[in-house]
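**Student:** My questions are about this predicted structure, shown below with the sequence.
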Amino acid sequence: MTTIDFRDPSNPLRVSEWTPTASTFSPAGSAVWRNHLYLADSDQTLLTFRINGLPEEIRLEVLATTDELRLRWPATASGFALESSVVPTATTWDPVPGTPQLNGDDYELTVPMDGPARFFRLRKP
């Protein structure tokens, strides 16, 4: 069995390979959740595999007030760049000005709500 990461359809990545031994395990169902692949067979056997090479899910949280946005993401996402664009399908995104501050287990950055609506993302350069 081969596991392929299709998050970028133009560049699929093979992230794991598994060949069952001569056992009687025959996958009847599968699921992927974050960095894990789960395989179940008809005998209620569950195998769990960690998929190496995939980053943990990083969630960007946006909290709005009347005149500003507070952007927050886990401190475990160090090295990520916060970017914005007025179009989510843009090929070029702009760095968000400012320096994120560490607040507990999260980075936070407050930006004014001026100008056009923007989309935000975290990207690993």
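**Tutor:** Received it, and whenever you're ready, just let me know what you need.
**Student:** any weak-confidence spans in this structure?
**Tutor:** Within the chain, the stretches with pLDDT under 70 are 1-9, 15-36, 39-47, 49-57.
**Student:** and with 50 instead?
**Tutor:** Residue ranges of the chain with pLDDT under 50: none are present.
**Student:** Can you tell me who Tyr38 pairs with across the strands?
**Tutor:** Ala31, Thr48 (DSSP bridges).
**Student:** ok, now how distant is it from Thr48?
**Tutor:** Distance of Tyr38 to Thr48, given as CB to CB, to the nearest Å: 6 Å. Where C-beta positions appear, they are placed from N, C-alpha and C, glycine not excepted.
**Student:** So which of those two has more stuff around it?
**Tutor:** Set Tyr38 next to Thr48 and count neighbours by other CB atoms under 10 Å: Tyr38 wins out with 14 against 9.
**Student:** Distance of Tyr107 relative to Thr99?
**Tutor:** According to CB to CB, Tyr107 and Thr99 sit 10 Å apart.
**Student:** domains of this protein?
**Tutor:** 2-50, 61-123 (automatic domain parsing).
**Student:** Need the distance between the two termini of the longest one.
**Tutor:** Put plainly, it is domain 61-123. With CA to CA, to the nearest Å as the measure, domain 61-123 spans 14 Å from end to end.
**Student:** Equivalent analysis for stretch 79-91, please.
**Tutor:** For stretch 79-91, the end-to-end distance is 21 Å (CA to CA).
**Student:** Buried by neighbour count: which residues of it qualify?
**Tutor:** Phe80, Leu82, Glu83, Ser84 (16 or more other CB atoms under 10 Å).
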